[in-house]
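In: dropping a prediction and its sequence here:
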Number of protein chains: 4
Amino acid sequence: MGEQIERLQVGIVGASGYGGVQLVRLLQDHPAIEIAYLGGDSSAGKNFADLYPHLAHVVNLPIEPIDVATIASRCQVVFLALPNGLACEIAPQLLAKGCSVLDLSADYRFADLDVYTQWYKIPRTDRETAAMAVYGLPELYRAKLANAKIVGCPGCYPTASLLALSPLLKQGLIDTNTAIIDAKSGTSGGGRQAKTHLLLAEADNNFTAYSVAGHRHTPEIEQICSDLASHEVKVQFTPHLIPMVRGILSTVYATIRDPGLVTEDLIVIYKAFYRSSPFVKILDGGVYPQTKWAAGTNLCYIGVEVDPRTGRVIVMSAIDNLIKGQAGQAIQCLNAMMGWDETLGLPQMSFYP
Amino acid sequence: MGEQIERLQVGIVGASGYGGVQLVRLLQDHPAIEIAYLGGDSSAGKNFADLYPHLAHVVNLPIEPIDVATIASRCQVVFLALPNGLACEIAPQLLAKGCSVLDLSADYRFADLDVYTQWYKIPRTDRETAAMAVYGLPELYRAKLANAKIVGCPGCYPTASLLALSPLLKQGLIDTNTAIIDAKSGTSGGGRQAKTHLLLAEADNNFTAYSVAGHRHTPEIEQICSDLASHEVKVQFTPHLIPMVRGILSTVYATIRDPGLVTEDLIVIYKAFYRSSPFVKILDGGVYPQTKWAAGTNLCYIGVEVDPRTGRVIVMSAIDNLIKGQAGQAIQCLNAMMGWDETLGLPQMSFYP
Amino acid sequence: MGEQIERLQVGIVGASGYGGVQLVRLLQDHPAIEIAYLGGDSSAGKNFADLYPHLAHVVNLPIEPIDVATIASRCQVVFLALPNGLACEIAPQLLAKGCSVLDLSADYRFADLDVYTQWYKIPRTDRETAAMAVYGLPELYRAKLANAKIVGCPGCYPTASLLALSPLLKQGLIDTNTAIIDAKSGTSGGGRQAKTHLLLAEADNNFTAYSVAGHRHTPEIEQICSDLASHEVKVQFTPHLIPMVRGILSTVYATIRDPGLVTEDLIVIYKAFYRSSPFVKILDGGVYPQTKWAAGTNLCYIGVEVDPRTGRVIVMSAIDNLIKGQAGQAIQCLNAMMGWDETLGLPQMSFYP
Amino acid sequence: MGEQIERLQVGIVGASGYGGVQLVRLLQDHPAIEIAYLGGDSSAGKNFADLYPHLAHVVNLPIEPIDVATIASRCQVVFLALPNGLACEIAPQLLAKGCSVLDLSADYRFADLDVYTQWYKIPRTDRETAAMAVYGLPELYRAKLANAKIVGCPGCYPTASLLALSPLLKQGLIDTNTAIIDAKSGTSGGGRQAKTHLLLAEADNNFTAYSVAGHRHTPEIEQICSDLASHEVKVQFTPHLIPMVRGILSTVYATIRDPGLVTEDLIVIYKAFYRSSPFVKILDGGVYPQTKWAAGTNLCYIGVEVDPRTGRVIVMSAIDNLIKGQAGQAIQCLNAMMGWDETLGLPQMSFYP
């Protein structure tokens, strides 16, 4: 990269959590980016290396208070890794000062803010900003991202679920009202806040469903499914907690409309659908994705199986919830916004085992 | 138990595997039973305590070669914990010599041996014996077990799945062709044979589906579902591997026929259905079962949730795959056969965490 | 137990934590005991089953505010499972009202309260009560426990470490100043309080030492070692966190004074030393203890190896930190106090795997 | 790397195991290397992607039979990732044909082949080749590696242990006969062969020592310690199995000769000793290494603590056993051999958590 004159100056607001530390690590390795600002609330005043001593040799930056003027004076692009309801307070100001914004929270994922408020119980007034936001799933909205100023990066479960469902919905291959998403996630999806049920002593060697029939990723998934299907789609979505750190596996069920379709047909359709998507890997027949394959990468592995006995298709997708499901995808969106190669700076090989 | 004159003499064939060690531990603590024989194939000639040194202080028995005459001379009841296809060779001989048999393999689970042979690829000639066998799920077949001479103990997945589905099927509450079972199991379900994909280095921090649309527990589940519904039922069954030792969680989906039913209605129905089943615990609304709750016990915890948005019911059941899903259930069957309290000698409190 | 007229009435103060839930489960199964009171601070007013729904079928008791008069009116014996510094406030009052007290905290482990205050930074005034307290390691202080009114139950690490070291110290077999204890514990030892470093996402697939050269169990271990050796002993104690729920393994190193001693000699000595201790299991030569063997039991497995190359003995001990290292040991102490069989009501067989 | 004319052509013999897959992944990302050959024994004839489907998009190479002429015709450098006793059969032939060799097994780690044969029970005749071999720990033998034709890459435990001990030995700071190494490793160290005790069901939530007073890494550690101390050193080495995939933590104890030394003194000495070693990170006082920090990287984190109460130093070192403890270190050696920057192509940032 010898002849590169200037790296893009980026800031990360909310640098101390899992989203933040992923962003720092990945952006630190990104050849076209320089981290110009780290911001935090409770962690402000500390050095990033106090929180993550193992990165002291590569990151020597303070965590600063969150101040819009400071951020805008140093950064062209800002990643927001804050709890829901905080990004929508700061994003309009950052945009007004000329920064581009990638938000990792739920705040800018919804076209209809009433749906957001209904599920998140947070009132909203920034309708103008929300209307500008692009849903940050590059595999579906690559073109829109090229011109985005603000991106609402998808939730971890919606990423895995939508990548599994999209070809079926776009091609009209399934009865949409039969779609069931049985999703499973490692506990890092719960963030770095200390919560009793996420203690190793509680969560290890344990497996349970939660938020059954009521998880807030449901309307997010339905919004994009409806967009793809061009009619309203309702899905059944059930998340579960896996006793492990990273990874989501979504097992998706739906009834196929054409009973003549076989597994190999669908594999061909999936490969075609994702031909221009370097991070989506469609597996051969009889091979099913493992979360470990995706760990540490921005990849999504997808396996497809048609059950001729029942007339259903079963689609399985595996991602790293903190990379493709969060920080990596945000960087992929930025690559798309900047017109860079979508894979720039993003890992594509898991270490195994 | 001071005045008890004689304990029932039992044998365990296949004592070295996980089924065997569970049986030994549980039967050792059973107040009406004495272990009179341990048999094995590759482990014959060793002492049981060589394999499981931590039990040396309570079990001091050799593992003997498998010889029907020896077994029958010492045992009134025999547990068979052998790979599929071996029990059907020895069970008829044991019955002929007057022993009762509880088989933990798949050999005596099927009323129709052609179905068995189709899925297990093992030819069978013991039709007479198979016709006598009772399916060992006491919650459904308690009365038949009272007179059984041979019991085909259910698979681990069918146990969890059928306990979740039975009230719905028996009462005709669901469209049976919508039933989907998304099941997840700890790796001990794969037994104590060394297989690469069950190594900790491979399976830890990993999650994957397997045998999608083709697992051999499918016809077993369908046989009992069809019996309960009084018509042929086909289910979608997908097993997954959880990175933990013990436990199964089944998440079952089905469309409710009466859209007016709510969660509380179903909880009442489930509690009534399992009123006489001491090991099945129906949870209150909004509480979902955790596998850790069941670990080390013969319990099955069930949670129910109706989703009014989609018209589906979601039922979750948690068991310990090696106890209620295997050895404990076999002992529960024996208790039923002997007319003893069904809970005799079986653990009902998990240690937590 | 048909003819037993009256069960001992016991109370548990601090019922909501891991110590509490172990006590409840074990005492519930104890044939000579009835739980008459559960007390808590932040959890007061809840039902025990709200915290641990999986025990609702066996425990239906409220958690009550901590009130000495109420406790004393109902209980003959009280278990205190409170944070350090709280037991010493309530224990003298309970004793004054005629209750016997078993304290699971560090408050009554020290003969010299100045040592306690130096390491725990908590001032103390209850010197009279402390002087009455017996150190609750039955394998060493069985006789004293028979007459105890108040017991200071050992810490989890000291239990494992002292059982490994005692025969060596008592017989004068080692250079005491060479004793090094490298101890490892599952994360449940950190309790049920939500702490970031105990989250599964942080602690899983991770291993680290902590409190190096400064852990508060050091002076507790040294006090008992000095008592056994009849001179002051200083040990090197280093705890580590294992990515698992339950269990401690202590690996103890010391230089042997008599270079002629071999492994088999020491095994004989250990077996003799623990001849009357039903929970200590000395393993054969070349067999080393595994924490999984002890999980869920009150057992301590000990393996011994002499290294003729270096002149050292290596002793390994494995316990369940929450049973033999905490709640089970307290009940064992109570059994000793009551003159009951030491094993009454305490589990001796792990479920495996 | 536009102007780079030719990448170094390397081969990997034994590509299917954990050592192989690490090498493939790391070399695939190495900017100066091209993989020209993958060889295997039982896996010959398969495609590498059949074994590791998640790498199919980056590695499309067959696994070929092991044939010296073929290898030498294509490769300038060959990595041998074979079981002990096989490298010594093939290495002399490869050297004779002009290849450089990096061996990951124990075959070329010993200056004295009699010691090798005594501990590994494998007779040896290749004394000439063995005499040429350099011990591949770049932090100690950087200069020798620059001219090496054959490298015996260190074992995983020796790597962690020697990096912890070297400054103490080199500076004469400790009584060498007091050195005790209590080491703990994730189960991937046992390789990808299916062994019962490495099954998740056995090893998870379990912790045990093994090969106490007799592990074959002991003489390897002692050989290098003796070299550093300039006199014969005997160490006590005890390995343990951690219920996790990757990582070694070594906790090293030794008595300090100068009682005036404090923790900060030693940190200064360690930092100076490793000033030119980019992969060794000396932590600040009171900070102790965590294996998770090193996972996926070629780093070694070291923490030091002096205990003034006992006069001992405790040194803790954390590495990824498959990277710095195996494949990464071999590549680091190759970088040293080629005169490249030692860090070329090697990861320096763990993903966390």
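Out: Now that the structure is in, tell me what you want to look at. Numbering: from 1, shown residues only, chains lettered A, B, ... in the order given.
In: going forward, measure contacts between C-alpha atoms and count neighbours the same way
Out: Fine.
In: can stretch A:71-81 be found next to chain D?
Out: No: against chain D, stretch A:71-81 shows no contacts by C-alpha under 8 Å from any C-alpha of the partner chain, the least distance being 16.0 Å.
In: check which helix or strand the residue of the stretch 201-350 of chain A found nearest chain D maps to.
Out: The nearest approach of the stretch 201-350 of chain A to chain D comes at residue A:293, 5.5 Å away (C-alpha to the nearest C-alpha). Residue A:293 is located in helix A:291-294, with elements delineated by DSSP states H and E.
In: need the residues of chain A near chain D, please.
Out: A:18, A:21-22, A:25, A:54-55, A:58, A:188, A:245, A:293-294, A:296, A:349-353.
In: ranges for the strands of the stretch 151-300 of chain A?
Out: For the stretch 151-300 of chain A, the strands defined by DSSP state E, counting those that start in this stretch cover A:180-186, A:208-209, A:236-242, A:248-255, A:280-282, A:300-307.
In: near chain B, which residues of chain A are found?
Out: Going by C-alpha under 8 Å from any C-alpha, the residues of chain A near chain B are A:182, A:201-202, A:204-210, A:212-213, A:234-236, A:242-247, A:249, A:288-292, A:305-307, A:309-310, A:314, A:316, A:353.
In: filter these to the buried ones?
Out: By neighbour count, with 16 or more other C-alpha atoms under 10 Å in any protein chain shown, these hold A:182, A:201-202, A:204-210, A:212-213, A:234-236, A:242-247, A:249, A:288-292, A:305-307, A:310, A:314, A:316, A:353 as buried.
In: among those residues, which are in reach of chain C?
Out: Under the cut-off given by C-alpha under 8 Å from any C-alpha, chain C has A:201, A:202, A:204, A:243, A:244, A:245, A:246 from those close to it.
In: narrow those to those in helices?
Out: The members of these that map onto helices under DSSP state H are A:201, A:202.
In: strand A:300-307 and the top helix by length along chain A, what's the angle between them?
Out: Ranked by residue count and defined by DSSP H, the top helix of chain A is helix A:156-170. Between helix A:156-170 and strand A:300-307, the angle comes out at 50 degrees (axes from the mean of the first three to the mean of the last three C-alpha atoms, to 10 degrees).
In: could I get the average pLDDT for helix A:156-170?
Out: Mean per-residue pLDDT for helix A:156-170: 98.
In: how far does it sit from its chain's centre?
Out: 12 Å (C-alpha atoms, centre = their mean, to the nearest Å).
In: against which helices or strands is that helix packed?
Out: strand A:180-186, helix A:217-229, strand A:248-255, helix A:263-273, strand A:300-307, strand A:312-319 (3 or more C-alpha pairs under 8 Å, 6 or more residues apart in numbering or on different chains; DSSP states H and E).
In: chain A - how does it break down into domains?
Out: Under the assignment automatic domain parsing, the domains of chain A span A:8-132, A:156-321.
In: what's the average pLDDT for the shortest one?
Out: The reference is to domain A:8-132. For domain A:8-132, mean pLDDT is 97.
In: pLDDT weak spots in the stretch 201-350 of chain A?
Out: For the stretch 201-350 of chain A, no stretch has pLDDT under 70.
In: quick check: which of the domains of chain A is buried the most?
Out: domain A:156-321 (a mean of 22; mean count of other C-alpha atoms under 10 Å in any protein chain shown).
In: count the residues that sit near the nearest residue to residue A:108 once chain neighbours are set aside.
Out: Counting by C-alpha to C-alpha, 6 or more residues apart in numbering or on different chains, residue A:152 is the residue found nearest to residue A:108 once chain neighbours are left out, at 4.3 Å. For residue A:152, the neighbour count with other C-alpha atoms under 10 Å in any protein chain shown is 25.
In: now residue A:152: how far from chain C?
Out: 25 Å (C-alpha to the nearest C-alpha, to the nearest Å).
In: now do residue A:312
Out: 35 Å.
In: for that residue, give me its contacts.
Out: A:253, A:254, A:255, A:256, A:306 (C-alpha atoms under 8 Å, 6 or more residues apart in numbering or on different chains).
In: and it, how far from residue A:282?
Out: Distance check for residue A:312 against residue A:282: by C-alpha to C-alpha, to the nearest Å, it reads 19 Å.
In: and if you look at residue A:273?
Out: Residue A:273 is 10 Å from residue A:282, by C-alpha to C-alpha.
In: cool, residue A:271 as well?
Out: 6 Å.
In: re earlier: and the contacts of residue A:312, which is closest to residue D:229?
Out: residue A:253 (65.3 Å; C-alpha to C-alpha).
In: surely the closest one and residue A:314 touch.
Out: Yes: taking C-alpha atoms under 8 Å as the definition, residue A:253 is a contact partner of residue A:314 at 4.8 Å.
In: pretty sure the residue nearest to residue A:108 contacts residue A:103?
Out: Yes: the criterion here is C-alpha under 8 Å, and residue A:152 meets it with residue A:103 at 5.2 Å.
In: reformat the helices and strands packed on helix A:156-170 as TSV; add distance to residue B:36.
Out: Output for the helices and strands packed on helix A:156-170, formatted as TSV (distance: least, C-alpha to C-alpha, whole Å):
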stretch	distance to residue B:36
strand A:180-186	45
helix A:217-229	57
strand A:248-255	47
helix A:263-273	52
strand A:300-307	47
strand A:312-319	48
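In: right, and the ones you listed - which one's nearest residue D:86?
Out: Using C-alpha to C-alpha, the nearest of the helices and strands packed on helix A:156-170 to residue D:86 is strand A:300-307, at 36.8 Å.
In: show me what that closest one is packed up against.
Out: By 3+ C-alpha pairs under 8 Å, 6+ apart, strand A:300-307 packs against helix A:156-170, helix A:263-273, strand A:280-282, helix A:291-294, strand A:312-319.
In: try it again at 6 Å.
Out: strand A:280-282, strand A:312-319 (3 or more C-alpha pairs under 6 Å, 6 or more residues apart in numbering or on different chains; DSSP states H and E).
In: in TSV, list the ones you listed along with distance to residue D:99.
Out: Below are these laid out as TSV (distance: least, C-alpha to C-alpha, whole Å):
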stretch	distance to residue D:99
strand A:280-282	37
strand A:312-319	41
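In: which one of those strands lies nearest to residue D:168?
Out: Residue D:168 lies closest to strand A:312-319 among the helices and strands packed on strand A:300-307, at 44.9 Å (C-alpha to C-alpha).
In: the following helix or strand past that closest one: which residues count as buried?
Out: The first helix or strand that comes after strand A:312-319 along the chain, using DSSP H and E, is helix A:328-338. Of all the residues in helix A:328-338, those buried under the rule 16+ other C-alpha under 10 Å are A:328, A:329, A:330, A:331, A:332, A:333, A:334, A:335, A:336, A:337.
In: hmm, which two among those residues are most spread apart?
Out: A:328 and A:337 (14.1 Å).
In: tell me how far the closest residue to residue A:168 other than its chain neighbours lies from residue B:60.
Out: Computed as C-alpha to C-alpha, 6+ apart, the closest residue to residue A:168 that is not its neighbour in sequence is residue A:174, at 6.2 Å. As judged by C-alpha to C-alpha, residue A:174 and residue B:60 stand 60 Å apart.
In: turn the domains of chain A into CSV, columns for distance to residue A:141.
Out: What follows is these, written out as CSV (distance: least, C-alpha to C-alpha, whole Å):
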stretch, distance to residue A:141
domain A:8-132, 13
domain A:156-321, 10
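In: nearest to residue B:67, out of those domains?
Out: Checking the domains of chain A against residue B:67 by C-alpha to C-alpha gives domain A:156-321 as the closest, at 38.8 Å.
In: that's a helix at residue A:119, yeah?
Out: Yes: assessed by DSSP: H, G, I helix; E, B strand; the rest coil, residue A:119 belongs to a helix.
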